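1. coordinates for the following, if possible.
(4 chains)
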2 protein chains.
Amino acid sequence: MISLTEENYLKALFNLANNAGEVNVNELSKQLDIKMPTVTSMMKKLAEKKLVHYESYKPLRLTEKGKKEAALVIRKHRLTEMFLVDKMGFGWEEVHDIAEQVEHVRSAVFFDKLDELLGFPKIDPHGAPIPDKNGKFAWIAYDKLSDCHAGETVKVSAVIHTSSEFLKFLNNREIRLGTKIKIKSVESFDGSMIVSYDNRPADTLTHTVCERLLVEKTK
Amino acid sequence: MISLTEENYLKALFNLANNAGEVNVNELSKQLDIKMPTVTSMMKKLAEKKLVHYESYKPLRLTEKGKKEAALVIRKHRLTEMFLVDKMGFGWEEVHDIAEQVEHVRSAVFFDKLDELLGFPKIDPHGAPIPDKNGKFAWIAYDKLSDCHAGETVKVSAVIHTSSEFLKFLNNREIRLGTKIKIKSVESFDGSMIVSYDNRPADTLTHTVCERLLVEKTK
DNA sequence: ACATTTTGTTAGATGAATCTAACATTGTAG
DNA sequence: CTACAATGTTAGATTCATCTAACAAAATGT
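-> Predicted coordinates:
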């Protein structure tokens, strides 16, 4: 049995993992707002349970079992977010905190029902993939808007950093999943972009914003 | 701040209270499946927080503050049950265990939204009243079916003991809220009733069943 | 390359919620 | 009315998740 606390550590480990699947104790400590010694001792416990590979002074890595369990928590989180937006009428900027709570509900039938009512969605309201019941992700290779070039037209497909502040900013600019953005020009010195979309006047998006928007190129 | 554990003690105290509002340590211990010494120490803690009146060897009583907090937990529980049945398609026998988990979600907007989507319901799927946001109950005075007499026709308005087994039994007999039951006769030696409803063949309901059905007399 | 900063670990304490064993009070049945 | 049963409390231990203080290792910068 995996406790609520352990679920939170697994989810954070999964979300923080770099290309090599590695996470530092310090990063994890900051992410969870829990002191490093506590993190170290929890990592030893999760290593006992075969959920994490742990060696002193080495970066942390989830085991295959750990990745699966993390994916199942993320599945519960994202199904909840999708339900809150699609079926309950919440805005995409409101659902993260509620889903953080609901994701710990222990009832397979409950999440199966959410899944069914939603028509077995593959992505959540922020464009992130929803793992299947075996913890498998259907990864889609999007580009960051910041890696695109002037003249291209792209479709917003997902947002990274789903903080309420950032999402409210996007609401104000009327940018949502599916919005088609035409890149007019890119400032080389700060990476900001002048863009237009939806018949709105041309607008500037800072590099920070462009890095957080994942897009698909349209032909 | 009231912890999840404390919420469970308050809810149990509220549900077990007799006419005088009193509960014994032993009953509470059995209800929660927690040993008596643990209950005693939690009662001292809740007394510190002014949620319970506690004196050694005396029955337990919720304070007004304790009653209100208990009612707010019960509100979250019953709104959740209503949503699970009305909006998600669960059977009334499935929702108790799920609601036990969801009731601990800390998000006022979430429960306000449930309330709104349900059209501010006054009763839950088992006919129990849903307290308002101030913890006030709109009590309705129903009769137990077991207190009714031969010849009367009554409408099922609520069920006590919402265990899944009992509710499945009612499902099998096609008894639900609103079912109109005609009492053909009552066996004086064991209190069982011969009844008919919905054009079904006459059927016997044991005293145990009749005690758990709350009804309104129809003219 | 060595001194300093950053990162990570060990040791020991704390608070919440639980337990068992032993003792105390209350209720009840001859 | 007394003895036994039922109920309730005290004392002390345990587990989980957290902390602080002190120490150790690794990374970094001049």
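2. what about the strands in chain A?
-> A:22-23, A:52-53, A:60-62, A:143-144, A:153-159, A:180-186, A:193-196, A:203-205, A:213-217 (DSSP state E).
3. single out the most deeply packed of the ones you listed.
-> Comparing the strands of chain A by mean neighbour count (mean count of other CB atoms under 10 Å in any protein chain shown), strand A:60-62 comes out on top with a mean of 22. Heads up, the C-betas are built off the backbone N, CA and C, glycines and all.
4. direction included, what does that one pair up with?
-> Strand A:60-62 sits in its sheet next to strand A:22-23 (antiparallel), strand A:52-53 (antiparallel), going by DSSP bridges.
5. tell me how far the first one lies from the chain's centre.
-> Meaning strand A:22-23. Strand A:22-23 sits 17 Å away from the centroid of its parent chain (CA atoms, centre = their mean, to the nearest Å).
6. now the last one
-> Its chain's average C-alpha position is 22 Å from that of strand A:52-53, according to CA atoms, centre = their mean.
7. does it come close to DNA strand D?
-> No: Strand A:52-53 lies out of reach of DNA strand D by CB under 7 Å from any atom of the strand, never closer than 13.4 Å.
8. which parts of chain A are helices?
-> A:4-16, A:25-32, A:36-48, A:64-86, A:95-102, A:108-117, A:164-172, A:207-212 (DSSP state H).
9. give me the number of residues near A:Pro37?
-> 10 (other CB atoms under 10 Å in any protein chain shown).
10. distance of it relative to A:Lys50?
-> Distance check for A:Pro37 against A:Lys50: by CB to CB, to the nearest Å, it reads 22 Å.
11. residues in contact with the closest residue in space to A:Leu60 that isn't next to it in sequence?
-> Sequence neighbours aside, A:Val23 is the residue nearest to A:Leu60 in space, at 4.7 Å (criterion: CB to CB, 6 or more residues apart in numbering or on different chains). For A:Val23, the contacting residues are A:13, A:16-17, A:59-61, by CB atoms under 8 Å, 6 or more residues apart in numbering or on different chains.
12. same question, A:Thr40
-> So A:Thr40 contacts A:Val25 (CB under 8 Å, 6+ apart).
13. swap in A:Ser192?
-> With CB under 8 Å, 6+ apart, A:Ser192 has these contacts: A:186, A:204-207, A:210.
14. so where's chain A shaky on pLDDT?
-> A:219 (pLDDT under 70).
15. now for the contacts of A:Ser192: which two are most distant?
-> Across those, the longest distance by CB to CB is 11.8 Å; it joins A:Val186 and A:Thr206.
16. what residues are up against A:Lys180?
-> Counting by CB under 8 Å, 6+ apart, A:Lys180 has contacts A:153-156, A:197-198, A:218.
17. give me that answer again for 6 Å
-> Contacts for A:Lys180 (CB atoms under 6 Å, 6 or more residues apart in numbering or on different chains) come out as A:155, A:197.
18. same check, this time on the one 5 residues further on
-> By CB under 6 Å, 6+ apart, the contact set of A:Ser185 is A:150, A:194.
19. got the domain ranges for chain A?
-> For chain A, automatic domain parsing gives the domain ranges A:4-62, A:72-140, A:143-217.
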